[in-house]
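Student: Predicted model follows, preceded by the sequence.
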Amino acid sequence: MLNVVIFGAPGSGKGTQSELIINKYGLFHISTGDVLRAEMKNGTELGKTAEGYISKGQLVPDELIIDMLAKVLDSNEETKKGVIFDGFPRTIPQAKALKKMLADRVTEVSAVVGLEVEEPELIDRLLKRGQVSGRSDDNLETIKSRLEVYHNQTTPLKDYYIEEKKYNAIHGMGSVEEIFARIEKTIDNL
Ligand code: B4P
């Protein structure tokens, strides 16, 4: 069973490459950002709480995210065929919680695909998306906060997964197709 974590800064192409990975490898897609946006749209308690963090570019607290992820795993039989985790984990406590949740289901993270993209390109992509997305977090001020949060809270995960011998660096600049070809090579060699 293949469980892939797609990892990278905001704007690194996680959502874009996840779509291609699902099509080729038939994995179940869990994007914590998409789940949170659906909660916000439906006006749930979780959505209202999340909105306050997301619009400021901050991370939603670990306990809320971990609980939300466990519910998605438990309520979808299809997760048993393998999962692509997009935007999760984003902190060390989330990574440890994921390890335990998968071990309880007698499985584990197969590989982490780390999309590495230069910062000016990240800002450019997110500002471009902001022109059409209507997302409250795709504006310059919030993008800068998201990148700071990424550097402080999420980048330590790279070392965590290097230590676990799961991290695969992928050059994330170039066309969507070129980047996907690099990811395919990594997954096919697992
Ligand atoms: P996410 O939805 O995960 O947002 P993101 O990190 O900005 O990445 P996204 O997937 O949208 O962008 P992508 O790189 O695919 O999270 C939103 C917020 O939710 C977070 O800031 C946080 O507050 C909260 N949250 C989510 N998960 C959480 C967690 N685990 N813990 C706590 N809080 C959490 O793509 C960006 C753009 O680049 C796209 O428009 C795409 O078209 C473009 N692009 C992609 N590849 C390209 C390429 N090769 N060339 C040019 N453009 C490209």
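Tutor: Looks like it came in fine.
Student: Could you list the contact residues of this protein toward the ligand?
Tutor: Contact residues (C-beta under 6 Å from any ligand atom) of the chain with the ligand: 10-16, 32-33, 36, 53-54, 58-60, 65, 87-88, 90, 94, 125, 129, 137, 146, 175-176, 179. All C-beta atoms are positioned from the backbone trio N, CA, C, and that covers glycine.
Student: could you flag which of those residues are buried?
Tutor: Among the residues of the chain next to the ligand, those buried by neighbour count (16 or more other C-beta atoms under 10 Å) are 10-16, 32-33, 36, 53-54, 58-60, 65, 87-88, 90, 94, 125, 137, 146, 179.
Student: got the residue ranges for the helices in the protein?
Tutor: Taking DSSP state H as the test, the helices found in the chain are 14-25, 32-41, 45-54, 62-75, 92-104, 119-133, 140-149, 156-163, 176-188.
Student: if we look at the fifth one, which residues are touching it?
Tutor: Yep, that's helix 92-104 we're talking about. Helix 92-104 is contacted from outside by 3, 5, 62, 65-66, 69-70, 73, 85, 88-89, 108-109, 156-157, 160-161, using C-beta atoms under 8 Å, 6 or more residues apart in numbering.
Student: in this protein, which residue is closest to the centre?
Tutor: Gly87 (1.5 Å; C-alpha atoms, centre = their mean).
Student: Assess the claim that that one and Arg37 are in contact.
Tutor: No. Gly87 is not in contact with Arg37 according to C-beta atoms under 8 Å; the separation is 10.9 Å.
Student: Can you report how many residues neighbour Leu127?
Tutor: Close neighbours of Leu127, defined as other C-beta atoms under 10 Å, add up to 14.
Student: for Val35, same thing?
Tutor: Other residues lying near Val35 total 20 when counted by other C-beta under 10 Å.
Student: do the same with Gln17
Tutor: 23.
Student: residue contacts, it?
Tutor: Per C-beta under 8 Å, 6+ apart, neighbours of Gln17: Ile6, Val113, Leu115, Val176, Ile179, Phe180, Ile183.
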